[in-house]
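Q: The sequence and its predicted three-dimensional model are supplied below.
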Amino acid sequence: MTSFDKILSEKTIFRDASVLSPHYVPKDLYFREQQLHDIMTILSSALKGQKPRNLIIYGKTGTGKTCTTKKVMDDFIQAKKEIRASIHYINCRIYNSRYRILQRILKDYVPELEKAGFGLPFLYEKLVDVASTGEQLVIILDEIDMIKDLDDLVYTLTRSNDEMKRGGVSIIGISNRLSFKDSLDPRSRSSLYETEMIFQPYTAEQLRKILEQRIHDAFVPGAIDSSAINLAAAITSQENGDARYALKLLNKAAEIVQQEKREKVSDTDVEAARKKVELDITLETINTLPEMHQLVLYAVANLTNSGSKYYRLEGTENTGILLSGEVYEEYERACKLSRKRPRSSRWYKEYLNDLEVLGLITTTPSGKGVRGQTTLIRLGPNPEQVMTILKKNLFGN
DNA sequence: CCTCCACAGGAAGCGCAGGAGT
DNA sequence: ACTCCTGCGCTTCCTGTGGAGG
């Protein structure tokens, strides 16, 4: 028996782990039937050769926005048959400018576009050409708020509609920031917001149903205790109702069980998975932090271990609370150690702000008990874990 | 009560990179 | 291909502020 055989013959509680992936589109989409139907109603005019209304979809992460639109896309492609209509999905995190988006859409029609070097006017003309053959183009802009020149893009696209005799271009925008509407030019806002749709976060009960559905396909029967499902749903709905988070929790819990060669995922595994997921997230944020932020965080962690020189609560040895000034000095030392020029204290304050926004530290204004007006700093995560990863990143050991 | 401490945080400006316009 | 412009990361300078200390 080879090692591979051994691994492959090992008992597993997974049946198909890909079902748990955030990109997986299930056959039945629970609790989004209404939205699915509404979007299809809007798009159905494209199948009749008329331009559909533009649409904006809102909702926090993991509320099924992308999933629902992907589903609509599949059905649309099925239904269109010989009708001149097409649907284009674009992830605006990658294609984040008017130029790139136009290029992306048009390269399906004009192969030469693969080679760069065409001006915007050329792209625009091509777009009008394509649509003027009578084609209805539906463009899905996922994470639409990432587009740098959205006003210009909307203007270009709506304008092109006027120039075509037949055919048309319509937009489905997906965003998770409600506030992004305000940053739009009033003119493009009114044309973009012909229809608005909001995806509410899932409730605990809904999450439970969704999890059950996925579990059925992802695991062997009976692998997940119902108390585990309930807990995962409860934790998630309390946090933010992000279905992806719930799936991640279950996945992680199952991995733990698998590693320990057990056969059933219980609620304690979910609890452990939650801690692990949280740690993963903080370590990931620390790893992607710019160098100077890491140095500041290192200073905070290092001082947290040794204790503040100046700030003590009565009767305690080490409160984990630090003063802004001493952290800055420690930060300067850390910079020296890694042969980097320390930034000014003014900018160091901005670093502290950033770290707080990321939840890595908490700051409070110093009240009484401290001379002068300063900031008290406390490290969020466990200092040892932070030190380990930062030492590796900053000093290579 | 006044003064000083130890900062907070706004304003102005600088050098640079990358993108837009020509 | 070239310049021009803009945004970013940052420094320098400055005024403001709540409590400690005398």
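A: That came in fine, so what should we check first?

Q: can we go C-alpha only for contacts and neighbour counts from here?
A: Noted.

Q: Give the full set of residues in contact with residue A:64.
A: Residues in contact with residue A:64 (C-alpha atoms under 8 Å, 6 or more residues apart in numbering) are A:32, A:199, A:243.

Q: Check residue A:40 too.
A: residue A:72.

Q: let's go with 10 Å and repeat that
A: A:34, A:46, A:69, A:71-73, A:75-76 (C-alpha atoms under 10 Å, 6 or more residues apart in numbering).

Q: before we move on, the earlier item: which of the contacts of residue A:64 tops the neighbour count?
A: If you count neighbours using other C-alpha atoms under 10 Å, the busiest of those is residue A:243, which has 27 neighbours.

Q: Tell me the pLDDT of it.
A: Per-residue pLDDT puts residue A:243 at 93.

Q: From DNA strand B, how far out is it?
A: Using C-alpha to the nearest atom of the strand, to the nearest Å, residue A:243 is found at 34 Å from DNA strand B.

Q: So what's the residue count around the residue nearest to that residue when sequence neighbours are not counted?
A: Distances taken as C-alpha to C-alpha, 6 or more residues apart in numbering put residue A:62 closest to residue A:243, at 4.9 Å, once the chain neighbours are dropped. By other C-alpha under 10 Å, 21 other residues sit near residue A:62.

Q: Contacts for the helix or strand residue A:6 falls within, please.
A: Secondary structure from DSSP states H and E places residue A:6 in helix A:3-9. For helix A:3-9, the external contacting residues (C-alpha under 10 Å, 6+ apart) are A:2, A:10.

Q: roughly how far out does it sit from the chain middle?
A: A distance of 36 Å separates the centroid of the chain from that of helix A:3-9, by C-alpha atoms, centre = their mean, to the nearest Å.

Q: farthest-separated two in the contacts of residue A:40?
A: Spatial extent of those (C-alpha to C-alpha) is set by the pair A:34 and A:46 at 19.6 Å.

Q: And these two? Which one has more around it.
A: Of the pair residue A:34 and residue A:46, residue A:46 is the one with more neighbours under other C-alpha under 10 Å, namely 28 against 10.

Q: Kindly provide the whole-number mean pLDDT of the strand or helix carrying that one.
A: Secondary structure assignment for residue A:46, by DSSP H and E: helix A:33-47. Here helix A:33-47 scores 92 as its mean pLDDT.

Q: List, one by one, the residues from chain A near DNA strand B.
A: Neighbours of DNA strand B within chain A, by C-alpha under 7 Å from any atom of the strand: A:97, A:323-326, A:346, A:349, A:371-375.

Q: can we see that at 6 Å?
A: For chain A, the residues in contact with DNA strand B (C-alpha under 6 Å from any atom of the strand) are A:323-326, A:346, A:349, A:371-375.

Q: Any quick ChimeraX command for the buried ones out of the residues you listed?
A: A single ChimeraX command is used to select the members of the residues of chain A next to DNA strand B judged buried by 16 or more other C-alpha atoms under 10 Å:
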select /A:323,324,326,375
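
Q: the helices in the stretch 151-300 of chain A, which residues?
A: According to DSSP state H, counting those that start in this stretch, the stretch 151-300 of chain A carries its helices in the segments A:186-192, A:204-218, A:226-239, A:243-259, A:267-287, A:291-306.

Q: Tabulate these (a markdown table), appending distance to residue A:80.
A: Converted to a markdown table, the helices of the stretch 151-300 of chain A look like this (distance: least, C-alpha to C-alpha, whole Å):
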| stretch | distance to residue A:80 |
| --- | --- |
| helix A:186-192 | 24 |
| helix A:204-218 | 30 |
| helix A:226-239 | 38 |
| helix A:243-259 | 31 |
| helix A:267-287 | 42 |
| helix A:291-306 | 52 |
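
Q: looking at the ones you listed, which one has the lowest mean pLDDT?
A: Lowest mean pLDDT within those: helix A:186-192, a mean of 80.

Q: residue ranges with poor pLDDT in chain A?
A: Applying pLDDT under 70 to chain A flags the ranges A:1, A:112-119, A:183, A:312-318, A:397.

Q: just the angle between the host helix or strand of residue A:77 and helix A:33-47, please?
A: If you go by DSSP H and E, residue A:77 is part of helix A:65-80. Angle of helix A:65-80 versus helix A:33-47, following axes from the mean of the first three to the mean of the last three C-alpha atoms, to 10 degrees, is 40 degrees.

Q: Can you name every helix or strand that helix A:65-80 contacts?
A: With contacts defined as 3 or more C-alpha pairs under 10 Å, 6 or more residues apart in numbering; DSSP states H and E, helix A:65-80 has these neighbours: helix A:33-47, strand A:55-59, strand A:85-91, strand A:136-142, strand A:168-175.

Q: The third one pairs with which strands?
A: For strand A:85-91, the pairing partners within the sheet under DSSP bridges are strand A:136-142 (parallel).
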